[in-house]
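J.: Provide a 3D model corresponding to the input given below.
(one chain, ligands or ions: 1)
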Amino acid sequence: MHKMIELMYPFNGLEPYYSEETLRIHYEKLYKGYVDNYNRIQTKLENARKNNEYDNIKCLEKDLSFQGSGVILHELFFNNINIPIPSSPSDELMERIIKDFGSFENFKKQFAEAAKVVEASGWCLLVWANNFNKLEVLQCEKHQNLTLWGCIQLLVIDMWEHSYFLQYKSNRQEYINAWWNIVNWNIVNKRYDTLKKCKKIVS
Ligand code: MN
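T.: Model (predicted):
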């Protein structure tokens, strides 16, 4: 069971920038809802595995992504803010921001502009794009786009048609069955060993 994080400040601690009423509703109702739903889905997934009953799996996976990402982003959001005492990027982070955005002002401008035009409900994030070795600003619609922020990939199967159609036509099951035979678990193991050695990133 995932437990709600505790806030590092009192409910009125962000005034006047973020009102007590807004924070209370956001934390006690909305964030709590995501945590409760995430835990509820975990129970349903456990039951599905136990009963070998996967009729509802598409719906459950979608909900896992939505609710789980809602939990992760809310925890980041609540930990990303604090009582109004001045703080700034470390020298190291600032150096990186200047390298990747040109200046701190450029970064703030891009971040704010991107945040302003997020379509419907969503987020704006500063992220470290590990594969490209650089900082990026990203928008996010809803919470997820079917991922869980912060996950490190271990094993992946390509389910685009180009990956199987020529050989398996529309028979995805057959493709998946066959694919299990070519999985390189040595690489998966290596990736898992490496990530276990990493310290948990401060959220
Ligand atoms: Mn929210």
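J.: state the helix or strand in which the residue sitting furthest away from the middle of the chain lies.
T.: Centroid-distance maximum for the chain: Gln167 at 34.1 Å, with CA atoms, centre = their mean. Secondary structure from DSSP states H and E places Gln167 in helix 165-168.
J.: residues in contact with that helix: which ones?
T.: With CB atoms under 8 Å, 6 or more residues apart in numbering as the test, helix 165-168 has contacts from Glu174, Tyr175, Ala178. Quick note: C-beta positions are derived from backbone N, CA and C, even for glycine.
J.: ditto for stretch 16-24
T.: Stretch 16-24 has contacts (CB under 8 Å, 6+ apart) with Leu7, Phe11, Asn12, Leu14, Ile81, Pro84.
J.: if you set the cut-off to 6 Å instead, what comes out?
T.: Phe11, Asn12 (CB atoms under 6 Å, 6 or more residues apart in numbering).
J.: may I see the buried residues of it?
T.: Tyr18, Leu23 (16 or more other CB atoms under 10 Å).
J.: try stretch 129-139
T.: Per 16+ other CB under 10 Å, stretch 129-139 contains these buried residues: Leu135, Val137.
J.: what about it, start to end distance?
T.: Taking CA to CA, to the nearest Å, stretch 129-139 runs 14 Å from one end to the other.
J.: before we move on, what about stretch 8-20?
T.: 14 Å.
J.: what's the answer for stretch 157-164, then?
T.: Stretch 157-164 end-to-end distance (CA to CA) = 11 Å.
J.: got it, and stretch 24-41?
T.: For stretch 24-41, the end-to-end distance is 25 Å (CA to CA).
J.: ok, which stretches of the protein are helices?
T.: 20-24, 32-51, 57-80, 91-101, 104-116, 165-168, 172-180, 185-197 (DSSP state H).
J.: roughly how far is the third one from the heart of the chain?
T.: Relative to its chain's centre, helix 57-80 lies at 7 Å (CA atoms, centre = their mean, to the nearest Å).
J.: list the buried residues in it.
T.: Per 16+ other CB under 10 Å, helix 57-80 contains these buried residues: 60, 63-75, 78.
J.: give me the number of residues near the closest residue in space to Ile176 that isn't next to it in sequence?
T.: Nearest non-adjacent residue to Ile176, counting by CB to CB, 6 or more residues apart in numbering: Ile157, 6.9 Å away. By other CB atoms under 10 Å, 12 other residues sit near Ile157.
J.: what's opposite Trp123 in the beta bridge?
T.: Assessed by DSSP bridges, Trp123 has beta-bridge partners Cys140.
J.: spell out for me which residue occupies the centre of this protein.
T.: Trp149 (1.5 Å).
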